[in-house]
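Student: Provided below are the primary sequence and the corresponding predicted coordinates.
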Amino acid sequence: YVMKFDAENKGFMPSSGFIGAPQLGGLKNPSYLTSYRDEASGALQIYIVDESSDGPGTVSAATVDEETGELKALGPAVPADADLGSGAACSHVSVAPGGKHVFAANFLGASIVAIARNPETGALDESKVQYLRFPPPSHPIQYPLTNAERQEQSHAHQVLVSAGTKTTSILVPDLGSDVV
């Protein structure tokens, strides 16, 4: 759904209600989204992870018409995990500074994905995707208490791209290993 928000009065605009109908149908379980304003065109785009427990989940792109609130899909969704039979449970999506890549974290898939972003359209380039699976926890976890139910494998919660450094670092908090 798209709603209007009155920043001055810090509240939803009651007269506007929902703008249009629910948008981008076909998503099974959209669990997180982020926005990105394209520096060249000024277009506002959103990137959405669609969580799934019976498949890889997906990452989708859409553009936002800021006058009407209409969302328009930008190409096909990209699988969030290389193992198409797994339930990856996508939990986070982010856009790299400069907008060259979109990253997603897969909580149950113990993985992250980097997807090239088309600089002209904002669409995801499904031919330029890299998946990285994390190893199972291997260090002794003693603080405060081990929770064996969640430490059988890595659980990537977020993908954050460092900004303003000489090299690009990807930071991933891992609940399974209790590390970043």
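Tutor: Nice, thanks for sending it over.

Student: what about this structure, any weak spots by pLDDT?
Tutor: Along the chain, segments meeting pLDDT under 70 span 1, 13-22, 84-88, 136-155, 157, 164-165, 175-179.

Student: which residues of this protein fall in strands?
Tutor: Secondary structure of the chain (DSSP state E): strands located at 5-6, 11-12, 30-37, 44-50, 58-64, 71-73, 78-79, 90-95, 101-106, 111-117, 124-133, 160-161, 170-171.

Student: Just say which of those is most tucked in.
Tutor: A comparison of the strands of the chain by mean neighbour count, using mean count of other Cβ atoms under 10 Å, puts strand 101-106 on top with a mean of 28. Where C-beta positions appear, they are placed from N, C-alpha and C, glycine not excepted.

Student: ok, it: who's next to it in the sheet?
Tutor: As defined by DSSP bridges, the strand partners of strand 101-106 come to strand 90-95 (antiparallel), strand 111-117 (antiparallel).

Student: would you list the ones you listed in JSON lines and tack on distance to Val78?
Tutor: Below are the strands paired with strand 101-106 laid out as JSON lines (distance: least, Cβ to Cβ, whole Å):
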{"stretch": "strand 90-95", "distance to Val78": "11"}
{"stretch": "strand 111-117", "distance to Val78": "5"}
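
Student: circling back to that earlier point, can you list the strands of the chain in JSON lines and add distance to Leu24?
Tutor: Converted to JSON lines, those look like this (distance: least, Cβ to Cβ, whole Å):
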{"stretch": "strand 5-6", "distance to Leu24": "20"}
{"stretch": "strand 11-12", "distance to Leu24": "21"}
{"stretch": "strand 30-37", "distance to Leu24": "8"}
{"stretch": "strand 44-50", "distance to Leu24": "7"}
{"stretch": "strand 58-64", "distance to Leu24": "6"}
{"stretch": "strand 71-73", "distance to Leu24": "5"}
{"stretch": "strand 78-79", "distance to Leu24": "15"}
{"stretch": "strand 90-95", "distance to Leu24": "14"}
{"stretch": "strand 101-106", "distance to Leu24": "16"}
{"stretch": "strand 111-117", "distance to Leu24": "17"}
{"stretch": "strand 124-133", "distance to Leu24": "14"}
{"stretch": "strand 160-161", "distance to Leu24": "25"}
{"stretch": "strand 170-171", "distance to Leu24": "27"}
